[in-house]
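In: Sequence unavailable; structure follows:
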């Protein structure tokens, strides 16, 4: 029956524009009607979990070998397609954490690939079970983004040295730490035009390859000297992304005899962050200043300062998207201690959105009264007197509307 129907249809297709009268009406309708549209999709959020147990043999010896701020790394282990290691600080990371054991999880940056992960550190007892009183869960159990620039994350103060030495968990000068890690892949959407999809096109990963190229240093042809450090890069990539680099490296004003290009008035870590954006089109995790030790509040202030410098650098090199990303990040970091500095920055570099965010913050509650007493606000009058006149106009208008 089916073969006869197919033969009839084939004959119609080759000899006539109309279906034959011998074809039943329902069959004719089935042949002529287009197939019903079908589609399917999926949201895919995959993860992989694993653990690495680090045994410290000869604890007292590690204390004598590695002083405050010095770390000893574990062997590398692979999870979620990335290589990881644990950095163990026998006498704490930073002066303020002396007398403590610090533990950090480190992503091997040689891959040039970022990763998102949850992790925790646990002291293990004699049976290999976690000790509840000595468990550190990073970021409250939230997901931490590890960037490929070598920044590690972890616990400043896992356990006091004397507490460990008096505990039953240090046996024969040995103790064990377990790091539990869950690595998350990027959330992706899978669209299916039909029930069977023969070709799956993955999302672009060009930024990962370029980030790996920058991290590995292969094929670099230009060197920059920044605050006493040298940084290598690829001139054609820089020129393609920044009109300033184009003029500096290939324009008529280029200095052909220079062995390297000197960058004035910029920190090395700010320039590295700028290069990270040039290659990957994304903001990196802000590096810590290794020469200083910060508590959590100081660490936040330091990162805000770096983002401010990054905004200035973006404006200097004509990187408009980086400038907007920095501006957006600063909008969420405004407080009474920095609003004067941020407002001056917004005025000097034409950041209207950031300027409006500062004004909105100052007009809320008692923020203006608290901000006026800060040094940053005092300098604002000298650097940008027009801002104060504009702010005065706003406060006057607000007071008038309240009276009405």
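Out: Thanks, I have it. A quick note: this is a predicted structure, and the numbers were derived from the prediction, not measured.
In: Tell me who's in contact with residue 170.
Out: Applying Cβ atoms under 8 Å, 6 or more residues apart in numbering to residue 170 gives the contacts 59, 164. (C-beta placed from N, C-alpha, C; glycine too.)
In: can you give me phi and psi for it?
Out: Main-chain torsions, residue 170, degrees, to the nearest 10: phi -100, psi 110.
In: what do you get for residue 283?
Out: Torsion angles, degrees, to the nearest 10, at residue 283: phi -80, psi 140.
In: Quick check: chain neighbours aside, which residue is closest to it?
Out: residue 325 (5.4 Å; Cβ to Cβ, 6 or more residues apart in numbering).
In: The closest residue to residue 387 other than its chain neighbours: how many residues sit nearby?
Out: Nearest residue to residue 387, sequence neighbours excluded (Cβ to Cβ, 6+ apart): residue 347, at 5.4 Å. Neighbour count for residue 347, taken as other Cβ atoms under 10 Å: 19.
In: and stretch 345-364, how far apart are its ends?
Out: Stretch 345-364 has an end-to-end distance of 21 Å (criterion: Cα to Cα, to the nearest Å).
In: contacting residues around it?
Out: By Cβ under 8 Å, 6+ apart, stretch 345-364 touches 308, 311-312, 315, 323, 327-328, 330-331, 334, 339, 342-343, 367-368, 371, 383-384, 386-387, 390-391, 394-395, 398.
In: which among those residues end up buried?
Out: Neighbour counting with 16 or more other Cβ atoms under 10 Å marks 308, 311-312, 315, 323, 327, 330-331, 334, 339, 342-343, 367-368, 371, 384, 387, 391 as buried within the contacts of stretch 345-364.
In: Just the residues you listed: which are in helices?
Out: 308, 311-312, 315, 323, 327, 330-331, 339, 342-343, 367-368, 371, 387, 391 (DSSP state H).
In: so which of those comes closest to residue 229?
Out: Set against residue 229, the nearest of those by Cβ to Cβ is residue 312 (18.7 Å).
In: mind checking pLDDT for residue 381?
Out: Listed pLDDT for residue 381 reads 74.
In: can you give me the strands in the stretch 101-250 of the chain?
Out: In the stretch 101-250 of the chain, the strands defined using DSSP state E, counting those that start in this stretch lie at 115-124, 130-137, 144-146, 153-160, 174-184, 188-192, 222-226, 229-233.
In: Compare the ones you listed and report which one is nearest to residue 107.
Out: strand 144-146 (4.1 Å).
In: That closest one - contacts with which helices or strands?
Out: With contacts taken as 3 or more Cβ pairs under 8 Å, 6 or more residues apart in numbering; DSSP states H and E, strand 144-146 sits against strand 115-124.
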